[in-house]
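# predicted structure and sequence below. I'll ask about it afterward.
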Amino acid sequence: MRKKPSFSALGILILIFIALFSQSALALTNEEETIKLKLDKAVNDTMIKMQDNITANKKCFRCHGAVGLKTEYKGKKISLYVNEKTFNDSIHGTNRCTTCHQGLTDYPHQDIIYGNEFVKRVTANCLKCHENITQIYRDSVHGEAMMNSDKPVYCLNCHGFHDIFKKQDTRSKVHSTKQFDTCTRCHSGEQAESFSEGFHTKAAILGSKKAAACSDCHTSHSMWGPKNVKSTVSKANTPKTCAKCHVYEREKFADGPEHWVATNAEGENAPMYYTFKFFTWLTVLTITALILHILLELYRKLRDTDSHSGGGSNNE
Amino acid sequence: MNKGKIYQRFNLHQRLQHGLIIISFTLCAVTGLPIKYHKLGLSKWTVDAFGGFDNIFNAHLIAALLLIFACVYHLIYMPIYSLRTTGKFPWPLMLNLKDIKDIGIHIKYQLGLSDQKAQFDRYSYKEKFDYIAVFWGMFIIGGSGALMWFPDWAAKYFPRWVIESYRVGHSDEAVLAVLAIFVWHFYNVHFSPDFFPMNKVFWDGKMDYETMAHEHPLELARIEGNTSIEADNPTTEKSPEKEVF
């Protein structure tokens, strides 16, 4: 009985607090009001601009949306076709074509360039909007290759051209299930072959949402070879990289390869190579012996049946 | 006479253990092989049928737990059961010198080099091979499975190359096991002309006198306290063809 009044007092207090706080939460100060208006206007303007861009792009697609549109460039047949639907769906679908294809304002197009030279120019455009990643990427082994190698790796080589999607989108070339196709276009050979053996890669290719794809260990934009001390897959950093998923930073995570092929007996591949050979021969020999045993039994049964039925026909 | 007499070979408890192994082994194979052969269209189809990789993988782990449980349970059950019923350790399940001799006798007989049949006791060397193979498989597949399931624990004790090598063994040994079951074991209990379409002993645990005399003559003789079980020679064997005349 004594506790009852104090409860109702508490209830009233809570109600007052709720009333006070909801008041202050709902009410906007003048300053906030102006920010909100500005934001609304910005969103509205952007929407209008995007719509304008899509309308403008329709002009381009009148020709470039035609399947099989080709031309000859320096003696080579090149495709000029772009899938309109894919492009409109893509992350850049609301950009104007001329944002990247600068200078192509009139028809017939002037100052045409194609291939690496053109990709180089477009990449310079990428960096205008995606400035945050520029410095990180320039510092990576891919970025180095972009700057001073005869086999440059541009943004578009991994992300695609007119089909760039967010990495969470399954259509994206850098989606965890697609990375293996994308990366192996350059990293072919033993690296690509190792994907048939690795559990991470198997799981990711089969659509696991948890399994590590290339970029989970090698990072997206700041990758280096394992010999570089800055690399996430260097001997010293590997345990830390593994522990992103596997809880503990075990030194032994780095004691053996992630990418190996069972057909190579050299170096770090050797233990797996000899295990593979052992089990292959164990299987071949065991199953051969078992099948021979089965055939032997059937052979004897057949002989017995033959001799019986042979005897039968004699009696006849 | 003893003709038509039925012998209880396995009790319900044992048949249920075998049943659990059938279910868990099959599920392990169905959920594991698509991961080994991930490039095949059938593998992708199977993964989709399970609703994605993470589902099929969880099913694999559950099946593996059931299989390990069945084997561990049996390892505890068998000595206790044997000691309580016969007062002895389950020696009839172990390989012995007679089995090695039986292999020679059996093969000679099958090649037609001799008409002496190998006389099997409660378990023939073929059955013992299947039985022991399960535990060899559990050592290779179960052991590697544990290392793969808990990589951060495994990497505390074993270097990466040990885990990777063991993993190679996991699926390669699994293929051996699947082949052994579907070729060898299925021949022995399903496709063999003696048992086609199946040897029903796994279902009701019962075996009739004729089959006992044919498959386990020494055990039958022991049960009947009689050493002169009718010789099961091809010359006196009743074949269906002969009955016609």
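That came through fine. Numbering: from 1, shown residues only, chains lettered A, B, ... in the order given.
# low-confidence stretches in the stretch 1-150 of chain A?
Residue ranges of the stretch 1-150 of chain A with pLDDT under 70: A:1-5, A:20-27.
# where along it do the strands fall?
Counting by DSSP state E, counting those that start in this stretch, the stretch 1-150 of chain A has these strands, from start to end: A:70-73, A:76-79.
# same check, this time on chain B
With DSSP state E as the criterion, chain B has strands at B:6-8, B:206-208.
# ok, for the residue of chain B found nearest chain A, nearest residue in space, not its chain neighbours?
Going by Cβ to the nearest Cβ, chain A is nearest to B:R160 of chain B, at 2.9 Å. From N, CA and C alone the C-beta is placed, and that goes for glycine too. Spatial nearest neighbour of B:R160, excluding adjacent residues (Cβ to Cβ, 6 or more residues apart in numbering or on different chains): A:G256 at 2.9 Å.
# now that neighbour: how far from B:Y166?
To B:Y166, A:G256 is 11 Å away according to Cβ to Cβ, to the nearest Å.
# kindly report the same for A:G160.
A:G160 sits 39 Å away from B:Y166, taking Cβ to Cβ as the criterion.
# can you check B:D115 too?
Counting by Cβ to Cβ, the gap from B:D115 to B:Y166 is 48 Å.
# more neighbours: those two, which one.
Shown here are B:D115 and B:Y166; by other Cβ atoms under 10 Å in any protein chain shown, B:Y166 has more neighbours (23 against 10).
# which ones are touching the more buried one?
Contacts of B:Y166 were listed using Cβ atoms under 8 Å, 6 or more residues apart in numbering or on different chains, and they are A:T275, B:G143, B:S144, B:L147, B:M148.
# can you flag the buried ones in these?
When those are checked for burial by 16 or more other Cβ atoms under 10 Å in any protein chain shown, the buried set is A:T275, B:S144, B:L147.
# isn't the last one right up against B:R160?
This points to B:L147. No: using Cβ atoms under 8 Å, B:L147 and B:R160 do not qualify as a contacting pair, with a distance of 10.7 Å.
# name the nearest residue to B:D130, ignoring sequence neighbours.
For B:D130, the nearest residue in space outside its immediate sequence neighbours is B:H185; the separation is 5.6 Å by Cβ to Cβ, 6+ apart.
# so the one you found sits against B:Y131, correct?
No: between B:H185 and B:Y131 there is no contact, the gap being 10.6 Å when judged by Cβ under 8 Å.
# number of nearby residues for A:S140?
A:S140 is surrounded by 21 other residues when neighbours are defined as other Cβ under 10 Å.
# oh, that last question was meant for A:C129, not what I typed.
By other Cβ under 10 Å, 10 other residues sit near A:C129.
# how far away is it from B:P90?
When Cβ to Cβ is applied, the distance between A:C129 and B:P90 equals 74 Å.
# look up phi and psi at the residue of chain A found nearest chain B.
Sorted by distance to chain B under Cβ to the nearest Cβ, the residues of chain A start with A:G256, at 2.9 Å. For A:G256, the backbone dihedrals are phi 140, psi 160 (criterion: degrees, to the nearest 10).
# okay but it is in contact with B:W161, surely?
Yes: with contacts defined as Cβ under 8 Å, A:G256 counts as touching B:W161 at a distance of 3.4 Å.
# now list whatever residues contact both of the two.
A:E268, A:P271.
# span of stretch A:230-245 from start to end?
Between the opening and closing residues of stretch A:230-245 lies a distance of 20 Å (Cα to Cα, to the nearest Å).
# burial count for A:E31?
Taking other Cβ under 10 Å as the neighbour definition, A:E31 ends up with a count of 8.
# any idea which helix is longest in the chain?
Answering for chain A, as no chain was given. Ordering each helix of chain A by length in residues (DSSP state H) puts helix A:270-315 first.
# meant chain B actually
Using DSSP H to define each element, chain B has its longest helix at helix B:53-86.
# buried set for that helix?
Taking 16+ other Cβ under 10 Å as the neighbour-count basis, helix B:53-86 is seen to contain the buried residues B:53-54, B:56-57, B:59-60, B:63-64, B:66-68, B:70-71, B:74, B:82.
# what packs against that helix?
The contact analysis (3 or more Cβ pairs under 8 Å, 6 or more residues apart in numbering or on different chains; DSSP states H and E) places helix B:53-86 against helix B:12-36, helix B:41-49.
# picking that back up, out of the contacts of B:Y166, which are inside helices?
A:T275, B:G143, B:S144, B:L147, B:M148.
# of those, closest to A:R62?
Checking the ones in helices among the contacts of B:Y166 against A:R62 with Cβ to Cβ, the nearest one is B:M148 at 55.9 Å.
# I'd say that closest one and B:V162 touch.
No: taking Cβ under 8 Å as the definition, B:M148 is not a contact partner of B:V162, at 11.7 Å.
# report the contact partners of the residue of chain A closest to chain B.
Contact criterion Cβ under 8 Å, 6+ apart gives A:E268, A:P271, B:P159, B:R160, B:W161, B:V162, B:I163, B:E164 as the residues in contact with A:G256.
# for the last one, which non-adjacent residue is spatially closest?
What that stands for is B:E164. Leaving aside its sequence neighbours, B:E164 sits nearest to A:M272 (Cβ to Cβ, 6+ apart; 5.5 Å).
# so B:P159 touches A:F253, yeah?
No: in this structure B:P159 lies outside contact range of A:F253 using Cβ under 8 Å: 9.1 Å.
# of these two, who's got more company?
A count of neighbours by other Cβ under 10 Å puts A:F253 above the other of B:P159 and A:F253, at 23 against 18.
# that one and A:A243, how far apart?
The gap separating A:F253 from A:A243 is 8 Å, by Cβ to Cβ.
# ok, the most centrally placed residue in chain B - contacts?
Among the residues of chain B, B:D130 comes closest to the average C-alpha position under Cα atoms, centre = their mean, at 3.9 Å. By Cβ under 8 Å, 6+ apart, B:D130 lies in contact with B:A180, B:W184, B:H185, B:N188.
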